[in-house]
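A.B. asks: Quick one, fold the following:
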Amino acid sequence: MKGSIAQLLEDHRELGLMADRLRGVISCAVPDTAAIAVLRWQICRKLIDHCSVEERSVYDLLITSGDPEAVQLILALRDEVGCLDNDVRTYVGEWPMERINREWARFGAVTQALLDRLAHRMAREERDVFPELARIAQRRAA
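C.D. replies: Residues are numbered from 1 along each chain as shown. Sure thing, here's the model as predicted:
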């Protein structure tokens, strides 16, 4: 089922693997623009879909749960890192291939920072958000 915790965790695993591949590409001395184009497209597509599902099936559910702890957690996480889907769109638009070739080291630093934020968000969701969702669901079932 789309939006299940298992599917969201699988998305995190896939995003993590894509991010690792992109980290490998940006660690090289010269740009591999073909690899960059493919990986950025894959990450962008996956992240946009994932964030859309996650917002509807997790974040909105927790915000409307009436549980003050859940609401506080979600609002804090949104303030802390956001969903990143818009950030990824902006990043792709600001970094066309010509600029990547011209500013390779800067591109690597910007990409690394974005991937670090993505990893941080996924770790926080797995550690804090998904268990909170399970707690709320268990409470409602009781």
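
A.B. asks: Residue 125: neighbouring residues, count only.
C.D. replies: By other C-beta atoms under 10 Å, 22 other residues sit near residue 125. (Each C-beta comes from the backbone N, C-alpha and C, glycine too.)

A.B. asks: Look at residue 114 and report its pLDDT.
C.D. replies: Residue 114 is assigned a predicted lDDT (pLDDT) of 95.

A.B. asks: distance of it from residue 64?
C.D. replies: Using C-beta to C-beta, to the nearest Å, residue 114 is found at 30 Å from residue 64.

A.B. asks: what about the spatially closest residue to residue 88 that is not a sequence neighbour, helix or strand, and which?
C.D. replies: Ranked by C-beta to C-beta, 6 or more residues apart in numbering and with sequence neighbours excluded, the top spatial neighbour of residue 88 is residue 44, at 5.0 Å. Here residue 44, judged by DSSP states H and E, is contained in helix 33-54.

A.B. asks: buried stuff in that helix?
C.D. replies: Neighbour counts over helix 33-54 (16 or more other C-beta atoms under 10 Å) mark 36, 39-40, 42-44, 46-48, 50-51, 53-54 as buried.

A.B. asks: repeat for stretch 110-122
C.D. replies: For stretch 110-122, a neighbour-count test (16+ other C-beta under 10 Å) marks 110-111, 114-115, 117-119, 121-122 as buried.

A.B. asks: With secondary structure and distance to residue 30 added, can I get those residues in a markdown table?
C.D. replies: Shown next, in a markdown table, are those (DSSP: H, G, I helix; E, B strand; the rest coil; distance: C-beta to C-beta, whole Å):
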| residue | secondary structure | distance to residue 30 |
| --- | --- | --- |
| 110 | helix | 17 |
| 111 | helix | 15 |
| 114 | helix | 21 |
| 115 | helix | 20 |
| 117 | helix | 26 |
| 118 | helix | 24 |
| 119 | helix | 25 |
| 121 | helix | 30 |
| 122 | helix | 30 |
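
A.B. asks: and which of these is nearest to residue 19?
C.D. replies: residue 115 (4.7 Å; C-beta to C-beta).

A.B. asks: For that closest one, list the residues it contacts.
C.D. replies: By C-beta atoms under 8 Å, 6 or more residues apart in numbering, the contact list for residue 115 reads 19, 22-23.

A.B. asks: All set, thanks.
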